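[1] I'd like to go over a predicted model; first the sequence, then the structure.
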Amino acid sequence: MNDAADAVSCIITTHVLTPLKAVAWAAFWGFMAYFIFNSHVAETMSRGLVETQYMNPYVVFSALIGATSWIGICTWLGLPISSSQALIGGIIGPVLFSQGSSALVLDGVFLVLLFMILTPVIGMVLGFFLQCLIMRICKNSNKKKLDKVFRKLQLVSAAAFSLGHGANDAQKTIGIISIMLFTSLQSPEITESFKNIIELFIDTEKGYHVPQIVALICYLMMALGTLIGGKNVIKTTGTGIVKISPDKGFCAETVGATTVITCSLFGIPVSTSHSIVGSIVGVGLTNGVKSISWGTAKSILWAWVLTIPAPLLISGLLYSIIK
C-alpha cells in the first residue's frame, strides 16, 4: 500500500490515468515481474543479512509484525518509506536482541545501508540530467504536441517502474519466507505436524530453493496492496515535493525503473521509494532549488532515517516477549 505511490503517483498527478486505472496498470505490471525476473534479491534477503540457522518462524513472525507496523504508521501519515528497509530492520532486530551482532552477515547489512544512501542520490543526479537533456532536445517543439507524446510515454515508464517494483520488492518477502520454511525442517522447536505441512510446499530433495507457490502468493499480495493503494502517500509523492508535468513524470519514472531493475538483476535489495523520490527531486531541480518543497522532503528524510531502527526495536522486543 505504501509502495503503490512509487509506481502511480506521477501518472495520476499528470492525469494520464485515473487513480483506479493507474493502480490496476501498476498492479498488472508488478505481477508480470513474476514471469520475467529471477530470484537474486530473494537469495540476498534469505542468506545475506543474518546467519540462516536463526531464520526460524519466531524471528520471521516478529520481523513481519515490526515491519508492517512501521509501514502502516507511515502510510497513514502519508510518508513514502522503504518497505525493504523496514523488513530488513525487522529481520535484524530479533537476531540482534537474542544472538548479538556476531549472528549478522555484516557485509550484506553494509551493502543494504550503502544503497539506502546511494539510491536517492543516484535517482536525483540521473533525474536532473535526463530532464535537462529532454528540455534541450525539445526546446523548440510545440508544447501541446510534446505534452501528448509524454503522456503516452508515461504509460511505458510507469509500466517499467512497476516491473522493477515487482522484481525487487516482492522477492524480499519471498526470500525470508523461503529460508524460514527450510530452516524449520531442522528445528527441534517445530512440531512434526507443521513440518509435514511445510513439505507440501517444498521439494526437500532439491535443497534450498524458492518454492513457486510462495513466490506466486507474495506477488499476488503485492499486486493486491498496489490495487488498494495508499492515498496519502500518493498525494505526498505526486504533489507534495514538486509540481509534476508529463515530461518530468516520464523522466522520474524512467530513472527510477532503470535504477531498481539494474539493482534487481544484481540481487541488491533497494528501495523503490528512495529511487522515485530522489528522481522527482532531481527533475524538479531543473526549475530551481525553490521549486522543491523542502519541508516535505525533510519529513520524508526523517522517516527514512528511522525506517531501520524503528522496526528493529519493535521486532526485537516482540521476539523477546515470545521467547
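    Thanks, I have the structure now.
[2] in the helix or strand where L114 lies, what's buried?
    If you go by DSSP states H and E, L114 is part of helix 106-137. For helix 106-137, the neighbour count (16 or more other CB atoms under 10 Å) marks 108-109, 111-112, 115-116, 118-120, 122-124, 126-128, 130-131, 134 as buried. Every C-beta, even on glycine, is put in place using the N, C-alpha and C of the backbone.
[3] do stretch 143-159 as well
    149-151, 153-155, 157-159.
[4] Could you do stretch 7-24 as well?
    7-14, 16-17, 22-24.
[5] In helices, which of these fall?
    7-13, 22-24 (DSSP state H).
[6] Turn the buried residues of stretch 7-24 into JSON lines, columns for distance to L200 and pLDDT.
    Listed next are these as JSON lines, based on distance: CB to CB, whole Å; pLDDT from 0 to 100:
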{"residue": "A7", "distance to L200": "33", "pLDDT": "74"}
{"residue": "V8", "distance to L200": "36", "pLDDT": "79"}
{"residue": "S9", "distance to L200": "40", "pLDDT": "78"}
{"residue": "C10", "distance to L200": "42", "pLDDT": "81"}
{"residue": "I11", "distance to L200": "40", "pLDDT": "84"}
{"residue": "I12", "distance to L200": "41", "pLDDT": "81"}
{"residue": "T13", "distance to L200": "45", "pLDDT": "81"}
{"residue": "T14", "distance to L200": "47", "pLDDT": "83"}
{"residue": "V16", "distance to L200": "44", "pLDDT": "87"}
{"residue": "L17", "distance to L200": "40", "pLDDT": "85"}
{"residue": "A22", "distance to L200": "38", "pLDDT": "85"}
{"residue": "V23", "distance to L200": "33", "pLDDT": "84"}
{"residue": "A24", "distance to L200": "33", "pLDDT": "87"}
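[7] Check this protein for me, the residue farthest from its geometric middle.
    For the chain, the largest distance from the centre (CA atoms, centre = their mean) belongs to N140, which lies 37.8 Å off.
[8] before we move on, back to that, now do the helix holding L114: which elements does it pack against?
    helix 83-99, helix 246-265, helix 272-284 (3 or more CB pairs under 8 Å, 6 or more residues apart in numbering; DSSP states H and E).
[9] how about 10 Å then?
    Using 3 or more CB pairs under 10 Å, 6 or more residues apart in numbering; DSSP states H and E, the elements in contact with helix 106-137 are helix 40-47, helix 83-99, helix 246-265, helix 272-284, helix 294-306.
[10] and the ones you listed, which is most packed in?
    helix 272-284 (a mean of 30; mean count of other CB atoms under 10 Å).
[11] so is G267 in a helix, a strand, or just coil?
    coil (DSSP: H, G, I helix; E, B strand; the rest coil).
[12] Does it touch Q171 like I think?
    Yes: if you go by CB atoms under 10 Å, G267 and Q171 touch, sitting 9.0 Å apart.
[13] These two: which has the busier surroundings?
    Using other CB atoms under 10 Å as the criterion, G267 and Q171 rank with Q171 on top: 32 against 19.
[14] Please tell me I have it right and that one contacts N38.
    Yes: counting by CB under 10 Å, N38 is a contact partner of Q171 at 9.0 Å.
[15] Name the nearest residue to I280, ignoring sequence neighbours.
    Excluding its sequence neighbours, the residue lying closest to I280 (CB to CB, 6 or more residues apart in numbering) is A252, at 4.9 Å.
[16] Test my guess that the one you found contacts F161.
    Yes: contact criterion CB under 10 Å: A252 and F161 qualify, at 8.8 Å.
[17] shared neighbours of those two, anything?
    10, 275-276, 279 (CB atoms under 10 Å, 6 or more residues apart in numbering).
[18] how about these in TSV, adding distance to Y208?
    As requested, the shared contacts of A252 and F161 are exported to TSV (distance: CB to CB, whole Å):
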residue	distance to Y208
C10	38
S275	29
I276	33
S279	35
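[19] got the angle for the helix holding L114 vs helix 83-99?
    170 degrees (axes from the mean of the first three to the mean of the last three CA atoms, to 10 degrees).
[20] Quick check: next helix or strand after helix 106-137?
    That would be, after helix 106-137 and using DSSP H and E, helix 143-184.
[21] Beyond that next one, next helix or strand please.
    helix 192-198.
[22] circling back to that earlier point, quick check: neighbours shared by G267 and Q171?
    With CB under 10 Å, 6+ apart as the test, G267 and Q171 both reach 38-45.
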